[in-house]
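*Asks:* Sequence and predicted model, in that order:
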Amino acid sequence: MTPLGHVWLVGAGPGDPGWVTQAGLEALRRAEVVVYDRLAPAELLSEAPASAQLINAGKEPTRHAMTQDEINACLVEHGRAGRRVVRLKGGDPYVFGRGGEEAIALSEAGVPCTEVPGITSAIAGLAAAGIPITHRGVAVSFAVVTGHEDPTKPEEQANWHRLATAADTLVVLMGVGRLEAIADALIAGGRPADTPAALVQEAATSNQRVVAAPLTAIAAAAREHEVRSPALFVVGEVVRLREQLDPASLGPLAGKRVLVTRSRRQASTLVDALRLEGARPLELPTIEAQRRADPAAVSGAAHKLREGRYAWVAFTSAIAVDAFLDALAEAGADARAFANTRLCAVGAATARTMAARGLIADLVPDEATGEAAAAAMIEAGGIRNEPVLLPRAEGAQPALPAGLEAAGALVESLTLYLSAAPAEPPTEVLAAIRGGAVDAATFTSSSTVKNLAAIFDGDLSPLSDATIACIGPSTAETARGLGLEPDVVATEHSVPGLVAALRGHLWERRAATTTAAAEVEHAS
Ligand code: SAH
C-alpha cells in the first residue's frame, strides 16, 4: 500500500533566508519534493535533502511557468504518491500567496496538509528598509492591499477611495505596474498628496533598493529609478522614521553586501554570522578542495606514524585535518596512530576540527601564520634532526616547512588536496563585483585571495572601493601582493575574529559611510 503523503505549505519569509520559521526549516529538511516560487529565497533550497526533487513553480509577473491549477494538481499528485512535499512560498502563504486555494484543493483530494505561517513581506520588507509598520504616536493601524485591483475601474475606485483614509499605514503588494493610478485614487479619496511614501524593491536581499517620495511624486520617482517587481509600496507617516531606523545606521553590518570567498561548506559559519547582523552575504566559492592523496604516500606516513617515528604532525587547515584523517582511515589506521606524536594546530578552526575528530592539539600558536607556527614549534622543542609530518595542500605556502628546516627538522610534506577555483562562479556575484556593488570583501586564507584574482585575470580593481578584511597577516600580505590594500586584519585569526574586526571597523567608520548607493531620496 502507498504510504500516506503530506504537503506542508511553508511560508519562507521575504528575501533573507534566515527569516524562515523553525517549523518551515524542519519540513524542508525532511522533504522529498519541494515546489518553490520565485519569491522564496533560493538559498533555502540547499536545506532540502540532496535527494529531494526540486520543482520550480516560478511564477513571473508576465509569464506563468505553471498555472495555479497545474500547481494544485502537482501537489495532489505527489501527495497521493505518498511523498513528503513542501510547497515553499515567499512571505506568508495566506497573504496573497494563494495558500488557501492550495490547501482546499489538497483537502478535496484527500491529501493531508499543514500550513506553516511565514513572515510576510508586508511587514518585514518594510522593516528591512527601516520603516516600522506601526509606531506609537505615528501609526496605530495598517492595511495590506493587493495592487492587482485596477483603480480605474468604477467598482474598484470606490474601494481605493475608502482605503485612502481607512488606516494610518497602507502597504500595497503587487502594485508596481499601477502606481500612478493607485496614488491618484488615494489622493482623490482624501489622503494628502504630500504623505510620505516609499518603494522597497527586493527587500531583505542583496539587491534591496529604496525609493522615497511624497505620494504625489512616487510614480514619477519609480519610473525615473526603474523600480521593478517585486516591490512594496508603502504610504504613511511611518516612512519618515527611516531616518532613525534605517538598519544600516543601527548596526555596522546591516544591509552591507559582504563578499564571502570560500567553498560553500566552509563558508556557512561566516555567512551565518554576517546574516545574523543583517548583512547580505554574496557567496563566491573560490576554494574547492579536491582530494588528491597518493595512497602509497599515505600508507607510508600511516606506518611511520603508528611506529611513533614522527616527533610532530602540524596541521595548517581544517581541510588538511579532515583529508588526513579520512586518508588514514582508508589506510586502516585511526586516532591511536598519533599516540606518540605531538600535534600542532595552525589556527583556531584547525584546532576545533581536530578536536571534533578526537585529537587535542599540544600546541596552537598565537598567530595563525607559517612563521609563527615554525617559531612556536621550535620553541616547544624536539625539532632538530626529527621527522615532522605536514599534511597539506598542493602549492601550500612554504613558510612553515622552511622555518622548520632551518631549525634542522626533517620535514615531510604529504600532499592531500588541491585548493582550486571552482568551475563556475555564480554570475550575479561576479556582476556585483564588477559593478562595484560590494561593500566589503572577506578573505579567510591566501588561497581565497589568489583564486579570486585568478577568476578576475589578476585584476582586483573592481574591489578597490570595498572594505577589504583579512583573517590574518599572511592573507593580508597575499592581498597586498595582488594589489588589494587590506583595511582590516583580524587580530584573532578565526571566523569570529574576522567578523569582530570587520564590524568594529565599519562601526567606527559609520559616520563617514553612507548607504547612498542603494538609496534615492526625493524632496517634494
Ligand atoms: N505571500 C507574500 C506575498 C505574495 S504577493 C508575502 O506574504 O510577502 C507578491 C508581492 O509581494 C510582490 O509583488 C511584492 O509586492 C511583495 N513581495 C514579496 N516579497 C518581496 C520582497 N522580498 N521585496 C519586496 N516585495 C516583496
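*Replies:* Thanks, I have it.
*Asks:* Going along the chain, name the strands of the stretch 251-400 of the chain.
*Replies:* Secondary structure of the stretch 251-400 of the chain (DSSP state E, counting those that start in this stretch): strands at 257-260, 280-283, 288-291, 312-315, 342-345, 387-393.
*Asks:* Pick the most deeply packed of these.
*Replies:* Of the strands of the stretch 251-400 of the chain, the one with the most neighbours on average (mean count of other CB atoms under 10 Å) is strand 312-315, at a mean of 27. From N, CA and C alone the C-beta is placed, and that goes for glycine too.
*Asks:* packing partners for that strand?
*Replies:* Packing partners of strand 312-315 (3 or more CB pairs under 8 Å, 6 or more residues apart in numbering; DSSP states H and E): strand 342-345, helix 370-380, strand 387-393.
*Asks:* Just the mean pLDDT for it, thanks.
*Replies:* Mean pLDDT, computed over strand 312-315, is 96.
*Asks:* can you put the strands of the stretch 251-400 of the chain in CSV and add distance to residue 484?
*Replies:* Output for these, formatted as CSV (distance: least, CB to CB, whole Å):
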stretch, distance to residue 484
strand 257-260, 12
strand 280-283, 16
strand 288-291, 21
strand 312-315, 27
strand 342-345, 28
strand 387-393, 21
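*Asks:* Report the central residue of the chain.
*Replies:* residue 281 (4.5 Å; CA atoms, centre = their mean).
*Asks:* Show me what from the stretch 51-200 of the chain comes close to the ligand.
*Replies:* 89-92, 95-97, 120-122, 125, 173-174, 200 (CB under 6 Å from any ligand atom).
*Asks:* One more: the chain?
*Replies:* Listed as neighbours of the ligand in the chain under the rule CB under 6 Å from any ligand atom: 14-15, 39, 89-92, 95-97, 120-122, 125, 173-174, 200, 202-204, 229-232.
*Asks:* Inside strands: which ones of the residues you listed?
*Replies:* 89, 173, 200, 231-232 (DSSP state E).
*Asks:* ok so, going back, quick check: of the residues of the stretch 51-200 of the chain next to the ligand, which lies closest to the ligand?
*Replies:* Nearest to the ligand among these is residue 91, at 1.9 Å by CB to the nearest ligand atom.
*Asks:* Residue 147 against residue 180, yeah?
*Replies:* No: at 11.4 Å, residue 147 does not count as touching residue 180 under the criterion of CB atoms under 8 Å.
*Asks:* who's in contact with the closest residue to residue 485 other than its chain neighbours?
*Replies:* Closest residue to residue 485 apart from its sequence neighbours, by CB to CB, 6 or more residues apart in numbering: residue 468 at 6.6 Å. Neighbouring residues of residue 468 by CB atoms under 8 Å, 6 or more residues apart in numbering: 440-441, 443, 479, 484-488.
*Asks:* Report the mean confidence score over the helix or strand encompassing residue 468.
*Replies:* Using DSSP states H and E, residue 468 sits in strand 467-470. Summarised as a single mean, pLDDT over strand 467-470 is 97.
*Asks:* Looking at the strands of the stretch 251-400 of the chain, which is nearest to residue 10?
*Replies:* Closest to residue 10 of the strands of the stretch 251-400 of the chain, according to CB to CB: strand 280-283, at 22.3 Å.
*Asks:* Which one of residue 147 and residue 180 is surrounded by more residues?
*Replies:* It is residue 147, of residue 147 and residue 180, that has more neighbours when counted by other CB atoms under 10 Å, with 22 against 15.
*Asks:* Can you list phi and psi of that one for me?
*Replies:* Backbone torsions for residue 147, taken as degrees, to the nearest 10, come to phi -90, psi 10.
*Asks:* which residue packs closest to it, ignoring adjacent ones?
*Replies:* Residue 147's closest residue in space is residue 175 (CB to CB, 6+ apart), at 2.5 Å.
*Asks:* Can you report how many residues neighbour that neighbour?
*Replies:* Using other CB under 10 Å, the number of residues around residue 175 comes to 24.
*Asks:* right, and it touches residue 183 too?
*Replies:* No: using CB under 8 Å, residue 175 makes no contact with residue 183, being 9.5 Å away.
*Asks:* which residue ranges form the helices in the stretch 101-250 of the chain?
*Replies:* 121-127, 154-164, 179-188, 218-224, 242-245, 247-250 (DSSP state H, counting those that start in this stretch).
*Asks:* how about the first one as PDB, C-alpha atoms only?
*Replies:* Okay, so that is helix 121-127. Presented in PDB, the C-alpha positions along helix 121-127 are these (Å, rounded to 0.1, in the frame of the first residue of the first chain):
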ATOM      1  CA  SER A 121       7.000  41.000   3.200                       C
ATOM      2  CA  ALA A 122       4.300  43.500   4.000                       C
ATOM      3  CA  ILE A 123       5.800  43.900   7.500                       C
ATOM      4  CA  ALA A 124       9.300  42.600   7.300                       C
ATOM      5  CA  GLY A 125      10.100  44.000   3.900                       C
ATOM      6  CA  LEU A 126       9.400  47.500   5.300                       C
ATOM      7  CA  ALA A 127      11.400  46.800   8.400                       C
END
